[in-house]
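**Q** Kindly return the folded structure for what I paste below:
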Amino acid sequence: MQATFHFGDVLLVKKFGISLNTNDIVYIKFPEKDSTAPTTYFFQRLIGLPGDSIAIIDKVVYINGMPIEDTITIKHNYHIKTANAMDSLILARHNLTEGSAISEKNDYSFSLTKFKADSLKRLAVIESIELETEKDNSSDLSCFPYSINYKWNMDNYGKLYIPKKDDVILLDTINIVFYKRLIQDHEKNTLRIKNDSIFINDVLSKRYIVKRNYYFTLGDNRDNANDSRKWGFLPDNYIIGKSIWVIKQTKK
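**A** Model (predicted):
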C-alpha cells in the first residue's frame with residue numbers, strides 16, 4: 001500500500017458499527033500464521049463482499065461480471081527497455097525504487113502506477129515500457145486454491161464465489177479445495193476425505209452451511225502483494241476496522 005499511504009501518515013481506523021463496501025481500505029489480521037511468529041496486522045483494499053463473484057482477467061478486476069476501475073494508487077509491474085543503462089541519478093530523480101535491472105541489455109522491471117508509467121514514456125532514454133501480464137490458462141500453484149484443476153494466476157484469476165453466512169455449499173472432492181480451510185480453521189470443524197467421500201465432524205457430508213461472512217482483498221501493489229489471491233477467503237472476524245481518514249504528513 002506504499003502508493004496509497006506513506007511513512008509518517010496518520011490513519012484513523014473505525015472499528016465498530018462500520019459498513020463495508022468495495023474499494024474500502026481495511027485493517028486486517030493476517031489470515032496465515034506461523035506458530036513461531038507474532039500475529040501480523042496490515043492494510044488491504046476490500047474488493048469482494050459476501051455473496052459477490054470475483055474474476056481477474058488480464059489484471060482487470062470484475063465484480064459480478066462488471067469491471068471496476070483501478071484507483072490511481074494501484075501499481076503493476078512494467079518491463080522497461082532503455083537505450084542506455086539507467087544510473088542511480090536517473091533512478092533517484094524519477095523515484096524508481098521498487099524494482100531493478102533484469103538483464104545486462106538495459107532491461108528493467110519496476111512497480112509503477114499507470115500515471116507514473118505514462119510519464120516515463122516521455123523520457124528520451126526509454127525505448128519501450130510494457131505492462132507485465134501472466135498468460136491466461138496458466139497455473140500458478142502458489143495461488144489459492146493451489147490446485148491443478150484451476151489454471152489461475154495473479155493476473156488471470158477466478159471466477160470465484162465469496163461465501164456469505166447461511167450459504168449452502170454443495171461439496172465434492174474437486175471443489176473441496178476452496179472450502180477446506182473455511183470449514184476446518186475458520187469455522188472449527190474436523191474434515192476428512194476418504195476415497196470419494198467427505199466427512200465433516202465424522203458425518204458423511206455432501207453439503208455445508210456457512211457460519212459467517214467472508215471477503216476478498218487485494219493489495220494496491222498488485223503484482224507483489226500477499227493477498228486473497230494467495231490465501232483465499234478472509235473471514236469477517238479478521239477485519240479489525242476500516243480506514244476512514246488519512247492525515248498526510250508534510251515534508252519540512
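
**Q** quick one, what contacts Lys230?
**A** The contact partners of Lys230, taken as C-beta atoms under 8 Å, 6 or more residues apart in numbering, are 142-144. The C-beta positions use only the backbone N, C-alpha and C, and glycine is treated the same way.

**Q** Same question for Lys121.
**A** With contact set as C-beta under 8 Å, 6+ apart, Lys121 has these partners: Ile129.

**Q** What distance do you get for it to Ser103?
**A** According to C-beta to C-beta, to the nearest Å, Lys121 stands 20 Å off from Ser103.

**Q** can you check Ile129 too?
**A** Taking C-beta to C-beta as the measure, Ile129 falls 15 Å from Ser103.

**Q** more crowded one of the two?
**A** Neighbours per residue (other C-beta atoms under 10 Å) separate Ile129 from Ser103, with Ile129 holding more: 19 against 9.

**Q** ok, back up a step: can you redo the contacts of Lys230 as JSON lines with distance to Lys242 and neighbour count?
**A** What follows is the contacts of Lys230, written out as JSON lines (distance: C-beta to C-beta, whole Å; neighbours: other C-beta atoms under 10 Å):
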{"residue": "Ser142", "distance to Lys242": "28", "neighbour count": "10"}
{"residue": "Cys143", "distance to Lys242": "26", "neighbour count": "21"}
{"residue": "Phe144", "distance to Lys242": "23", "neighbour count": "20"}
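
**Q** Among the residues you listed, which one lies nearest to Tyr208?
**A** Distance to Tyr208, by C-beta to C-beta, is smallest for Phe144 among those, at 17.8 Å.

**Q** what about the strands in the stretch 1-150 of the chain?
**A** For the stretch 1-150 of the chain, the strands identified by DSSP state E, counting those that start in this stretch occupy 10-14, 25-29, 41-48, 53-57, 60-63, 66-67, 75-82, 99-101, 107-113, 126-131, in order along the chain.

**Q** name the helices or strands packed onto the fourth one?
**A** Which is strand 53-57. strand 60-63, strand 157-161 (3 or more C-beta pairs under 8 Å, 6 or more residues apart in numbering; DSSP states H and E).

**Q** Mind checking the pLDDT average for the shortest one?
**A** Confidence over strand 60-63 (mean pLDDT, whole number) is 97.

**Q** Could you list everything the residue nearest the centre of the chain pairs with in the sheet?
**A** Nearest to the geometric centre of the chain sits Leu218, at 2.8 Å (C-alpha atoms, centre = their mean). Beta-bridge partners of Leu218, counted by DSSP bridges, are Arg45.

**Q** For it, give me its contacts.
**A** With contact set as C-beta under 8 Å, 6+ apart, Leu218 has these partners: 44-45, 47, 61, 225, 227-229.

**Q** Show me which of those are buried.
**A** In terms of neighbour count (16 or more other C-beta atoms under 10 Å), the buried residues within the contacts of Leu218 are 44-45, 47, 61, 225, 227-229.

**Q** which of these lies closest to Val168?
**A** When the buried ones among the contacts of Leu218 are ranked by distance to Val168 (C-beta to C-beta), Ser228 comes first, at 22.5 Å.

**Q** Quick check: which ranges of this protein have low pLDDT?
**A** Within the chain, the ranges that satisfy pLDDT under 70 run 1-17, 33-37, 244-252.
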